[in-house]
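K.L.:
give me the fold of what follows.
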Amino acid sequence: MKALRMERRPTRFVAAYLASTFGSGRGAGVGPLRLGDGPSPRDLGPGWTPVTPLLAGICGSDLATVDGRASRSFESIVSFPFIPGHEIVALAERAGIDAHGQAFEAGTRIAIQPVLGCAARGLALCRFCQAGEVGRCGNLAHGHLRPGLQTGYCADTGGGWSDGPLMAHQSQIFVVPEVLTDDEAVMVEPMACALHAALRCPIDVTDTVAVIGAGTLGLGVIGALNFLSDAYGLARPHKIIVGAKYSHQQRSAKDLGATDVVEPKQLDRAVRAAVHAGSMGFSGHLGELSGGANVTFDCVGSADSIAQALRITAPGGRIVLVGMPGKISVDLAPLWRREIELIGAYAYGVEQLGDVSIPTFDLAFEFVVAKGLGNLVSARYPIDRFEEALAHAGQAGSRGATKIVFESSRSTKHRKDDA
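P.N.:
Purely as a prediction, here's the structure:
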């Protein structure tokens, strides 16, 4: 099986880290990621189905891993060598049962919900998995699988950056509705993250919401806030003010429902004007606002973005941390003094919409179709061109792109057969 594999080679992680100082994604050529042929994952038993990737996305956490910049807190819940790729649309190689207990046939398109929780590990369900909150599962290093927080980080399952097959558990399998294109289907996993983030704290119709960053997740959060209002009657915030660096991001943010879109350095001023707040800084210094956004979604996760979120969020407001952070240095005194809540938003599970409980992935199927989010897929690459693909993903914004994906040889044939 041809695949990209991450090996545990510390010196190459250091080399990748150094190379990435010249740009995100540049660590691919010198780091521990290697292209080659190797054995397919072993059959993992009842409940598991071999699937062949069609498309697999490249996300910020993938780039951090390739560049040797991922948080060391993940070390105990990753096993080497692993095949990356957790944003996956695939074809089932044999008949099986999906997450809803429904049968599907061989050749069915599926989206993989990649968290390897208790069900996939053959364990009695923990309280989080029982509630459908698989992203909070605490058993990611236990059971009959080697450690791995998700497919794409576990040595036993395989991952999307391959020609396949990889193994998917029944609890991970969501059949893709026929109405979705492959580009829309590969956006389901990141858009499930965006939906979960948008639902992490209540929004009121009088609220001013700020969004820092307009990459895949930032655009997803903007779209999710509007989709949840249109489709499910949730409150639409009075203002959605977005800091977007590039012109195509600014256009997309507007198209997805942002009320105000500005360059990142102007976001403080835009929020200040929207809520009629004063600045507590002195001339030439970015200070806290006397008021601010009721909710700020940080879709970057850097020291600078968190510091900005703390400046522009109102006392008693909330910051939802959507972008994956690493080990950073941030002055948290404003959070303490202004009684701001910092809320993590990781993965997905089951969302509560009024009296209705709905798996985030089912909600994401609706979302990507309603908002035409397959259009965010900017380029497809075969895995043989992985260095080019990862460099493109690392510089996506400056190159006018949003989502870069790997396309398997099976996907190319699948498209020709459908033509």
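K.L.:
drop to CA atoms for contacts and neighbour counts, all remaining ones
P.N.:
Noted.
K.L.:
show me the contacts for Leu321.
P.N.:
Shown in contact with Leu321 (Cα atoms under 8 Å, 6 or more residues apart in numbering): Phe297, Asp298, Cys299, Gly301, Leu342, Ile343, Gly344, Ala345.
K.L.:
kindly recompute the last result at 6 Å.
P.N.:
Asp298, Ile343, Gly344, Ala345 (Cα atoms under 6 Å, 6 or more residues apart in numbering).
K.L.:
among these, which are in helices?
P.N.:
Using DSSP state H to define helices, no part of the contacts of Leu321 is located there.
K.L.:
Leu195: which of those is nearest?
P.N.:
The shortest gap between Leu195 and any of those belongs to Ala345, at 9.8 Å (Cα to Cα).
K.L.:
what about the closest one, distance to Gly301?
P.N.:
Per Cα to Cα, to the nearest Å, Ala345 is found 11 Å from Gly301.
K.L.:
quick one, which of the two is more surrounded?
P.N.:
Ala345 (23 against 19; other Cα atoms under 10 Å).
K.L.:
let's verify the most centrally placed residue in the chain: helix, strand, or coil?
P.N.:
Geometric centre of the chain, nearest residue: Pro190, 4.0 Å, by Cα atoms, centre = their mean. Put simply, Pro190 is helix when judged by DSSP: H, G, I helix; E, B strand; the rest coil.
K.L.:
can you name the residues in contact with the lengthiest helix in the chain?
P.N.:
Selection of the longest helix in the chain by residue count, based on DSSP H, yields helix 216-232. Helix 216-232 has contacts (Cα under 6 Å, 6+ apart) with Met191, Ala194, Leu195, Ala198, Leu234, Ala235, Arg236, Ala253, Leu256, Cys299.
K.L.:
what's the burial count for the first one?
P.N.:
Per other Cα under 10 Å, the neighbour tally for Met191 reads 29.
K.L.:
let the chain start at 256 from now.
P.N.:
Shifting the count to begin at 256 puts that one at Met446.
K.L.:
what does the pLDDT read for Gly536?
P.N.:
With respect to pLDDT, Gly536 has a value of 61.
K.L.:
repeat that for the one 5 residues further on.
P.N.:
As predicted, Leu541 sits at a pLDDT of 61.
K.L.:
for the residue nearest to the centre of the chain, give me its contacts.
P.N.:
No contacts exist for Pro445 under Cα under 6 Å, 6+ apart.
K.L.:
8 Å instead, please
P.N.:
Applying Cα under 8 Å, 6+ apart to Pro445 gives the contacts Glu342, Thr471, Leu472, Gly475.
K.L.:
which strand residues bridge Leu421?
P.N.:
With DSSP bridges as the criterion, Leu421 is bridged to Val306.
K.L.:
ok, it touching Gly415?
P.N.:
Yes - between Leu421 and Gly415 there is a contact under Cα atoms under 8 Å: 7.5 Å.
K.L.:
stretch 433-442: how far from the chain's middle?
P.N.:
Averaging C-alpha positions (Cα atoms, centre = their mean, to the nearest Å) puts stretch 433-442 16 Å from its chain's average.
K.L.:
buried residues, it. List them.
P.N.:
Leu435, Asp437, Asp438, Glu439, Ala440, Val441, Met442 (16 or more other Cα atoms under 10 Å).
K.L.:
can I get those in a markdown table with distance to Pro308?
P.N.:
Below are the buried residues of stretch 433-442 laid out as a markdown table (distance: Cα to Cα, whole Å):
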| residue | distance to Pro308 |
| --- | --- |
| Leu435 | 16 |
| Asp437 | 11 |
| Asp438 | 13 |
| Glu439 | 14 |
| Ala440 | 12 |
| Val441 | 10 |
| Met442 | 14 |
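K.L.:
in JSON lines: the residues you listed, plus pLDDT.
P.N.:
As requested, those are exported to JSON lines (pLDDT from 0 to 100):
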{"residue": "Leu435", "pLDDT": "98"}
{"residue": "Asp437", "pLDDT": "98"}
{"residue": "Asp438", "pLDDT": "98"}
{"residue": "Glu439", "pLDDT": "98"}
{"residue": "Ala440", "pLDDT": "98"}
{"residue": "Val441", "pLDDT": "98"}
{"residue": "Met442", "pLDDT": "98"}
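K.L.:
in a markdown table, list those residues along with distance to Ser328 and secondary structure.
P.N.:
Compiled in a markdown table, the buried residues of stretch 433-442 are given as follows (distance: Cα to Cα, whole Å; DSSP: H, G, I helix; E, B strand; the rest coil):
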| residue | distance to Ser328 | secondary structure |
| --- | --- | --- |
| Leu435 | 36 | coil |
| Asp437 | 33 | helix |
| Asp438 | 32 | helix |
| Glu439 | 32 | helix |
| Ala440 | 30 | helix |
| Val441 | 27 | helix |
| Met442 | 27 | coil |
